[in-house]
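**Q** sequence below, structure please.
(one chain, ligands or ions: 2)
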Amino acid sequence: MGLSKIKHVRAYTVRGGGADYHDQGEGHWIDNHIATPMSRYPEYRQSRQSFGINVLGTLVVEIEAEDGTIGFAVTTGGEPACYIVEKHLARFLEGRSPTEYEKIWDQMYFSTQYYGRKGLVVNALSGVDLALWDLLGKLRGEPVYHMLGGAVRDELQFYATGARPDIAKELGFIGGKMPLHHGPAEGVEGLKKNIAELADMRAKCGPDFWLMWDCWMALDVDYATRLAIAAHEHGLKWIEEAISPDDYWGYAELKRNVPNGMLVTTGEHEATRWGFRMLLEMDCCDIIQPDVGWCGGVTELLKISALADARGKMVVPHGSSVYSYHFVITRHNSPFAEYLMMHPGPTEVVPMFHPQLIGEPVPQNGRLRASALDNPGFGVELNRELDMHRPYTH
Ligand SMILES: C[C@H](O)[C@H](O)CC(=O)C(=O)O
Ligand SMILES: [Mg+2]
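**A** Ligands and ions are numbered 1, 2, ... in the order given. Below you'll find the predicted structure:
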């Protein structure tokens with residue numbers, strides 16, 4: 001007997017943190033003078049919210065089966081993504097079996113290819129794909145990581161992203177990735193301030209703790225090269241997303257330029273097997289960092305990961321809470337995971353997608369047992385007390 005078929009797909013928006021983790025209140029570390037491609041304009045330098053980083057908000061996708069079981073997922077995309085889900089993508093699911101995720105993915109991708117391929121459309125598609133895996137797991141009574149092949153280790157190990165790697169170290173993480181605060185428009189003075197921050201953090205964390213920089217697409221190859229060379233004596237482990245995600249040639253050059261032993265990482269704003277094939281074949285980086293809520297969902301991440309594995313590259317997904325955890329635990333070439341510190345300080349470990357998910361597991365002492373992922377689907381429920389808005393119907 002087959003599984004219950006898909007009856008209905010619905011899309012909602014929610015504000016205030018969660019999957020749109022840049023949508024935080026005032027004074028949060030994630031919005032404090034972080035270098036971005038917009039930092040060349042002084043009026044958009046102090047706050048990323050000033051240029052609209054949080055303009056989209058969270059997209060919630062719900063997929064209901066005929067027996068009343070509901071799978072759901074959250075990602076970034078807000079109202080425009082709701083339109084795409086309700087008015088375009090829903091048709092490829094309703095009346096179908098949730099086991100047909102390959103065909104559903106293919107139809108969602110190729111029907112939107114003429115206006116999609118990357119960005120918002122693939123975020124929306126990813127949200128649907130994740131909700132579909134959640135539904136499948138809930139219908140089968142299995143966690144997603146079992147359906148992806150099962151755990152290859154007993155626990156996940158995390159590095160932490162936030163402005164206080166010294167506190168991340170005390171909290172048991174294996175490394176700390178800091179936001180880069182000053183971009184090329186702030187000249188040599190800014191570059192010296194960046195290096196001074198790294199040196200200070202190195203002194204606080206000791207010689208062996210991993211320290212990384214997240215450059216959020218803010219630099220050019222020349223600046224990134226100078227920064228990497230100056231950072232080498234302070235033991236910078238990797239330089240992340242240093243330049244525009246479209247500049248594959250620049251990444252290949254940067255990878256040739258950085259000091260021996262320093263890693264170049266990128267990919268959180270890349271999408272699909274074709275985008276990652278460019279990064280891999282052009283030898284742009286050492287670690288790829290797809291975001292499972294933006295790159296095409298779990299169905300696509302499996303393909304991206306296989307491409308990387310064949311080339312001996314690591315896949316360390318960007319953020320994404322449980323959606324990453326269920327994947328990382330199943331892959332040898334994903335030896336650790338990112339925990340994005342969403343506490344404003346950031347001085348405490350709090351659920352990454354708070355307040356949208358109920359039952360979201362958090363690392364303890366920088367680790368999470370595989371058994372913490374044992375509930376069906378992605379193992380979380382949607383917080384229905386939130387003020388959700390369904391702007392479109394079909
Ligand atoms: C800290 C970064 O600028 C960004 O907000 C998050 C990110 O890129 C990452 O976690 O990686
Ligand atoms: Mg990043």
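**Q** which residues of the stretch 201-350 of the chain lie near ligand 1?
**A** Where the stretch 201-350 of the chain comes near ligand 1, counting by C-beta under 6 Å from any ligand atom, the residues are 214, 216, 268, 318, 319, 338, 340. (Glycine included, C-beta is placed from N, CA and C.)
**Q** top of those residues by neighbour count?
**A** For these, the largest number of neighbours (other C-beta atoms under 10 Å) sits with residue 318, at 25 neighbours.
**Q** enumerate every residue touching it.
**A** In this structure, residue 318 makes contact with 267, 268, 289, 290, 291, 294, 324, 338, judged by C-beta atoms under 8 Å, 6 or more residues apart in numbering.
**Q** that one looks like it's in a strand, true?
**A** No - read with DSSP: H, G, I helix; E, B strand; the rest coil, residue 318 is coil and lies in no strand.
**Q** so what pLDDT did it get?
**A** Reported pLDDT at residue 318 in the predicted model: 98.
**Q** hmm, back to that, wait, which of the contacts of residue 318 is closest to residue 147?
**A** residue 324 (15.5 Å; C-beta to C-beta).
**Q** turn the residues of the stretch 201-350 of the chain next to ligand 1 into CSV, including secondary structure.
**A** Below are these laid out as CSV (three-state DSSP):
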residue, secondary structure
214, strand
216, coil
268, coil
318, coil
319, coil
338, strand
340, strand
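**Q** now render the contacts of residue 318 as CSV, adding secondary structure and pLDDT.
**A** Written out in CSV, the entries for the contacts of residue 318 read as follows (DSSP: H, G, I helix; E, B strand; the rest coil; pLDDT from 0 to 100):
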residue, secondary structure, pLDDT
267, coil, 98
268, coil, 98
289, coil, 99
290, coil, 98
291, coil, 98
294, coil, 98
324, helix, 98
338, strand, 98
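**Q** identify the farthest-apart pair in the residues you listed.
**A** The most widely separated members of the contacts of residue 318 are 294 and 338, with 13.8 Å between them, by C-beta to C-beta.
**Q** tell me the pLDDT of residue 2.
**A** Reported pLDDT at residue 2 in the predicted model: 85.
**Q** now it: closest residue in space, sequence neighbours ignored.
**A** residue 97 (5.8 Å; C-beta to C-beta, 6 or more residues apart in numbering).
**Q** for the closest residue to residue 90 other than its chain neighbours, list each beta-bridge partner.
**A** Nearest in space to residue 90, with sequence neighbours left out and distances taken as C-beta to C-beta, 6+ apart, is residue 9 at 3.9 Å. Bridge pairing for residue 9 (DSSP bridges) gives the partners residue 63.
**Q** rewinding a little: contacting residues for the residue nearest to residue 2?
**A** Contact analysis of residue 97 by C-beta under 8 Å, 6+ apart lists 2, 3, 5, 6.
**Q** from ligand 1, how far off is residue 323?
**A** For residue 323, the distance to ligand 1 equals 14 Å [C-beta to the nearest ligand atom, to the nearest Å].
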